[in-house]
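# got a sequence here, can you model it:
(one chain, ligands or ions: 1)
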Amino acid sequence: MIKIQSITKSFGDKLVLNNVSGTFEKGKPNLIIGASGTGKSVLLKCIVGLAKPDMGQVFFDGRDFYAGDRDLKIEVRREIGMLFQGGALFDSKTVEQNVMFPLDVLTRMKLDEKIERVNFCLKRVGLENVNKKMPSEISGGMKKRVGIARAIVNNPNYLFCDEPNSGLDPQTSVLIDDLIQDITQDYDMTTVVVTHDMNSVMGIGEKIMFIYKGQNLWEGNKNDITHSGIKELDDFVFANKVMNSLREK
Ligand SMILES: Nc1ncnc2c1ncn2[C@@H]1O[C@H](COP(=O)(O)OP(=O)(O)OP(=O)(O)O)[C@@H](O)[C@H]1O
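Purely as a prediction, here's the structure:
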């Protein structure tokens, strides 16, 4: 479980995150949702240590990340897997080299062990016989799968996904969402997904945090989201035409 407490972050005189608290649970995808520019990515960066909050704490299963020493930070970082926006694969590396990269950097595994682990992860995300392909030779959905394989190759306890569906068609998006959900359950990870995709919200939104102008305005699940009574959340949810058409019935 990850617990965040009073996370506050400004850039210059612009307050981007204002006292955000909440929890992200194990074994299910935890979604951070909200409109563009509302602070979701900055919050994600503050949680994983890519941006230091001005105030606040992040606890990884009780470990206070920012109060911890260098060793603790290294320990926690080793337990984090990240699926970056757009996949962020290395264009000049093969699929196999991309997935192996965290093992090259973080472990002393032998090459045959690494290949075995890479093959296991590629199989887990439904990709086989693509090891030697370059990213430019595979589809957007396959790139996301490669990104997921790379994110889980080091057996993380925590998985972070920034807009995993960006640039994908609706059907492929559902497959990627389901894959993230299955992997999260199978490996009992704490998974945090940043998204503004209502399809994802209604598909895998068992635990949702709604960020509005840098504040955590609501937490709940997909069953509660349509009757929160919060205008800002309704405006976000029903901006989606499908959701709006269901509301009018
Ligand atoms: N390094 C930075 N320096 C200055 N301002 C920043 C920086 N990073 C983010 N911001 C600002 O913080 C605000 C929140 O940005 P953030 O990327 O978190 O939004 P978001 O909710 O993830 O949006 P989107 O859904 O469009 O990705 C924006 O106004 C952005 O311009």
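# name the residues that touch stretch 230-240?
For stretch 230-240, contacts defined as CB atoms under 8 Å, 6 or more residues apart in numbering pick out 33-35, 196, 198, 201, 210, 212, 217-218, 225-226, 228, 243-244, 247. In short, each C-beta sits where N, CA and C put it, glycine included.
# got phi/psi on the residue nearest the centre of the chain?
By CA atoms, centre = their mean, the chain has its centre lying nearest to C161, at 2.0 Å. Main-chain dihedrals, C161, degrees, to the nearest 10: phi -130, psi 120.
# and for G167?
For G167, the backbone dihedrals (degrees, to the nearest 10) come out as phi 80, psi 10.
# swap in the one 4 residues further on?
Backbone torsions for Q171, taken as degrees, to the nearest 10, come to phi -70, psi -40.
# and what of the one 10 residues further on?
The phi and psi values for Q181, taken as degrees, to the nearest 10, are phi -60, psi -50.
# with S200 as the reference, measure out to it.
Computed as CB to CB, to the nearest Å, the Q181 to S200 distance reads 10 Å.
# ok, these two, which is more surrounded?
S200 (26 against 18; other CB atoms under 10 Å).
# tell me the secondary structure at the more buried one.
helix (DSSP: H, G, I helix; E, B strand; the rest coil).
# who touches it in this structure?
Contacts of S200 by CB under 8 Å, 6+ apart are L31, P164, N165, S173, D177, V193.
# 6 Å instead?
Going by CB atoms under 6 Å, 6 or more residues apart in numbering, S200 touches D177.
# and the pLDDT for it?
Confidence at S200, expressed as pLDDT, is 89.
# same check on the one 10 residues further on?
As predicted, F210 sits at a pLDDT of 96.
# and the closest residue to it other than its chain neighbours, what are its phi and psi?
Of all residues beyond its chain neighbours, the one nearest F210 is W218 (4.2 Å), with distances taken as CB to CB, 6 or more residues apart in numbering. W218 adopts backbone torsions of phi -160, psi 140, taken as degrees, to the nearest 10.
# what is the neighbour count of W218?
W218: 20 neighbours (other CB under 10 Å).
# test my guess that it contacts M209.
No. The pair W218 and M209 fails to qualify as a contact (CB atoms under 6 Å) at a distance of 7.6 Å.
# now the strands for the protein?
Applying DSSP state E to the chain gives strands spanning 2-11, 14-24, 29-33, 55-60, 63-64, 80-83, 158-162, 190-195, 207-212, 215-220.
# can I get the ones you listed in JSON lines including distance to I74?
Below are those laid out as JSON lines (distance: least, CB to CB, whole Å):
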{"stretch": "strand 2-11", "distance to I74": "18"}
{"stretch": "strand 14-24", "distance to I74": "21"}
{"stretch": "strand 29-33", "distance to I74": "24"}
{"stretch": "strand 55-60", "distance to I74": "12"}
{"stretch": "strand 63-64", "distance to I74": "12"}
{"stretch": "strand 80-83", "distance to I74": "11"}
{"stretch": "strand 158-162", "distance to I74": "14"}
{"stretch": "strand 190-195", "distance to I74": "19"}
{"stretch": "strand 207-212", "distance to I74": "27"}
{"stretch": "strand 215-220", "distance to I74": "29"}
